[in-house]
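Asker: generate coordinates for the sequence data below:
(one chain, ligands or ions: 1)
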Amino acid sequence: MTTNTSHFTGLRFMRLGMLALGIGMLFGVIGGFQFLFPEFLQELLFTKTRPMHVSMVVSWIFLVAIGGIYFYLPRQCNLPLFSTKLAKAHFWIFLVTGIAIIACYLSGNFGGREYFEFPPILSLPIFVMWTLFGVNYFKTARQYRKPWPVYYWMWGTGIVFFFITYAESHLYLIPYFRDNMVREIMVQWKSYGALTGSWNMLVYGTALYLAARISGCEKYARSKMAFGLYFLGLFNLMFGWAHHTYLVPSDTWIRTLAYAVSMTELYIFGKIIWDWRASLEDWQKGRHCNAYRFLIAADIWVFVNLGLALIISVPFFNLFTHGTHITVAHAMGSTIGINTMILLASIFYVIREELPEAAHAGCSSQLRIGYWTTNISLAVFFTALVLAGVGKGLYDGNSFQEMMTNIRPFLLVFTLSGVTMMIGIWIILWHGFRLLGQIIARGESPAPAAVAAPEPA
Ligand code: HEM
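Answerer: Numbers count the residues shown, from 1 in each chain. The predicted structure is shown next:
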């Protein structure tokens, strides 16, 4: 382990991500109430709460994945960071750009396209920080002379492809793309599909890193199955977007292939974690009990999402589920159930490694409450969204009002379970945030006088 403090930047990224999630969920809950009572909080309309919610919770995914990489490389992989200054600059650019984006949303200064509804000029610092991150990552990781384990590949690929696909999502700024609606939608959704693929690379890479570290066995990061997952993920990232473009005419076989690839990717990921779980000894599970629990939850949610995705990919069902709340269930089911659970595992893995005395003491019963509240609420939340989607899809009248009245009970359950889920996640975040803060504070305070190691018995 290195003795310098470059890894603290990673912890700061994680803490910022936790703040973004904590606040971002609040906007989701407000949005839920606005589904029920459209006149609720007129000062902050749904057109603002939705982008605030989505931007902040997606930032959580990036921030904690990036923080993990900045932490693990220098602290656990013995690869000193190429430049701590660049990492710090990355952090500050992220923070300032994030605040600027929120200020634009709050003041109603919209621009850009769906999911990036801020003025496109703010994408410039995003490109800059992503370049800093890429340079730092590759210059650091190339110090590793042996063949790379799969997570190094996944992290590197996620970084490169984020850059490419984010650039692609800005092609609408060029009149050639903007002037033709089909071309614009095609390019737009192609880039969004690939962007999701690139953050999945960062997050799944983190999951495999944790699996290898907790088991103490590199098999999970070097096996044929792990590299199979990597190549499928790469293929999915490049071509899996086709199932995001149902709106525009394209050959059925292209979508079917794209869907088959993304389902296989999810299945293989689920299987690797399932096999990993079976191979662990009790003491390994106990040592990293919190991280282990979150990874198992992620695995269960992989199979739940896989089930839903398989159903909605059947053309007959797709006909009436597309564009309903089922699509939102699919998006939130995977970003909460899979990505968020893996990232929480990463946070509590770090806490166990750096602050072993705190990992089990005091907070663990509250953490358990937070964990179960979150997962049970998520199950209800997810089911309510699916049922609201089915209700909407099956409605054959032509009154929007009547359809909304029919599905109102499901939306009510969705919003209430959203509130309890938010509380559950807040409990978890509160402990994680506090304990990561303790790690930073302890590391930055003057070193205590050395304590002599006990003599072996
Ligand atoms: C870890 C926590 C969460 C994550 C990662 C998350 C993620 C997301 C994502 C990715 C979307 C965009 C979906 C799409 O475009 O199809 C979304 C939309 C939304 N989320 Fe969340 N969410 C979280 C928690 C919540 C909570 C607690 C609520 C409370 C009710 C909520 C309510 C909403 C609403 C109302 C929308 C808009 C749906 C629409 O436009 O139809 N979210 N969320």
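Asker: helix or strand for the residue in the stretch 1-150 of the chain that the ligand sits nearest to, which one?
Answerer: Minimum separation of the stretch 1-150 of the chain from the ligand (Cβ to the nearest ligand atom) falls at Gly28, amounting to 2.6 Å. (Glycine included, C-beta is placed from N, CA and C.) Using DSSP states H and E, Gly28 maps to helix 7-36.
Asker: that helix - contacts with which helices or strands?
Answerer: Helices and strands touching helix 7-36, by 3 or more Cβ pairs under 8 Å, 6 or more residues apart in numbering; DSSP states H and E, are helix 46-76, helix 84-106, helix 341-354, helix 400-444.
Asker: how about these in a markdown table, adding distance to Gly323, mean neighbour count and mean pLDDT?
Answerer: A markdown table is the format used below for these (distance: least, Cβ to Cβ, whole Å; neighbours: other Cβ atoms under 10 Å; pLDDT from 0 to 100):
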| stretch | distance to Gly323 | mean neighbour count | mean pLDDT |
| --- | --- | --- | --- |
| helix 46-76 | 15 | 23 | 96 |
| helix 84-106 | 24 | 17 | 96 |
| helix 341-354 | 27 | 25 | 96 |
| helix 400-444 | 13 | 17 | 94 |
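Asker: in CSV, list the ones you listed along with distance to the ligand.
Answerer: Formatted as CSV, the helices and strands packed on helix 7-36 follow (distance: least, Cβ to the nearest ligand atom, whole Å):
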stretch, distance to the ligand
helix 46-76, 4
helix 84-106, 14
helix 341-354, 9
helix 400-444, 2
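Asker: the residue of the stretch 1-150 of the chain closest to the ligand touches Met422, doesn't it?
Answerer: Yes - contact criterion Cβ atoms under 8 Å: Gly28 and Met422 qualify, at 7.4 Å.
Asker: ok, back up a step: quick check: mean pLDDT of the helix holding Gly28?
Answerer: What helix 7-36 shows for mean pLDDT is 96.
Asker: angle of it against helix 341-354?
Answerer: Angle of helix 7-36 versus helix 341-354, following axes from the mean of the first three to the mean of the last three Cα atoms, to 10 degrees, is 150 degrees.
Asker: distance from helix 7-36 to the middle of the chain?
Answerer: Relative to the chain's own centre, helix 7-36 is displaced by 12 Å; criterion: Cα atoms, centre = their mean, to the nearest Å.
Asker: buried set for it?
Answerer: Within helix 7-36, the residues that count as buried by 16 or more other Cβ atoms under 10 Å are 7-22, 24-35.
Asker: returning to that earlier point: which stretch among the helices and strands packed on helix 7-36 comes nearest Glu114?
Answerer: For Glu114, the closest of the helices and strands packed on helix 7-36 is helix 46-76, at 8.7 Å, according to Cβ to Cβ.
Asker: which other helices and strands does that closest one contact?
Answerer: Counting by 3+ Cβ pairs under 8 Å, 6+ apart, helix 46-76 packs on helix 7-36, helix 84-106, helix 123-141, helix 181-215, helix 341-354.
Asker: Leu208 is in contact with Ala221, correct?
Answerer: Yes - using Cβ under 8 Å, Ala221 is in contact with Leu208, at 5.3 Å.
Asker: give me the more crowded residue out of the two.
Answerer: Leu208 (25 against 22; other Cβ atoms under 10 Å).
Asker: relative to the ligand, how far out is the more buried one?
Answerer: 21 Å (Cβ to the nearest ligand atom, to the nearest Å).
Asker: contacting residues for that residue?
Answerer: Listed by Cβ atoms under 8 Å, 6 or more residues apart in numbering, the contact set of Leu208 reads 149-151, 154, 220-221, 226, 229, 272.
Asker: got a pLDDT number for it?
Answerer: 96.
Asker: what does the protein put close to the ligand?
Answerer: 21, 25, 28-29, 31-32, 50, 53-54, 57, 327-328, 331-332, 335-336, 340, 415, 418, 421-422, 425 (Cβ under 6 Å from any ligand atom).
Asker: for the host helix or strand of Ile254, packing partners?
Answerer: For Ile254, the host element (DSSP H and E) is helix 252-279. Judged by 3+ Cβ pairs under 8 Å, 6+ apart, helix 252-279 is in contact with helix 181-215, helix 224-239, helix 289-313.
Asker: please identify the most buried of these.
Answerer: Among the helices and strands packed on helix 252-279, ranked by average contacts under mean count of other Cβ atoms under 10 Å, first place goes to helix 181-215 (a mean of 22).
Asker: and the helix or strand just after it, what does it pack onto?
Answerer: Going down the chain from helix 181-215, the next helix or strand is helix 219-222, by DSSP H and E. Judged by 3+ Cβ pairs under 8 Å, 6+ apart, the packing partners of helix 219-222 are helix 150-168, helix 181-215.
Asker: so which of those gets nearest Leu344?
Answerer: With Cβ to Cβ as the criterion, Leu344 lies closest to helix 181-215 of the helices and strands packed on helix 219-222, at 10.9 Å.
Asker: now the angle between helix 252-279 and that closest one, please.
Answerer: Using the same axes, to 10 degrees: helix 181-215 against helix 252-279 is 10 degrees.
Asker: and the residue nearest the centre of the chain, how far from Ile342?
Answerer: By Cα atoms, centre = their mean, the chain has its centre lying nearest to Ile61, at 3.5 Å. Distance, Ile61 to Ile342, using Cβ to Cβ, to the nearest Å: 9 Å.
Asker: mind listing the shared neighbours of these two?
Answerer: Joint contacts of Ile61 and Ile342 (Cβ under 8 Å, 6+ apart) are Val203.
Asker: now do the contacts for Met341.
Answerer: 294-295, 297-298, 301.
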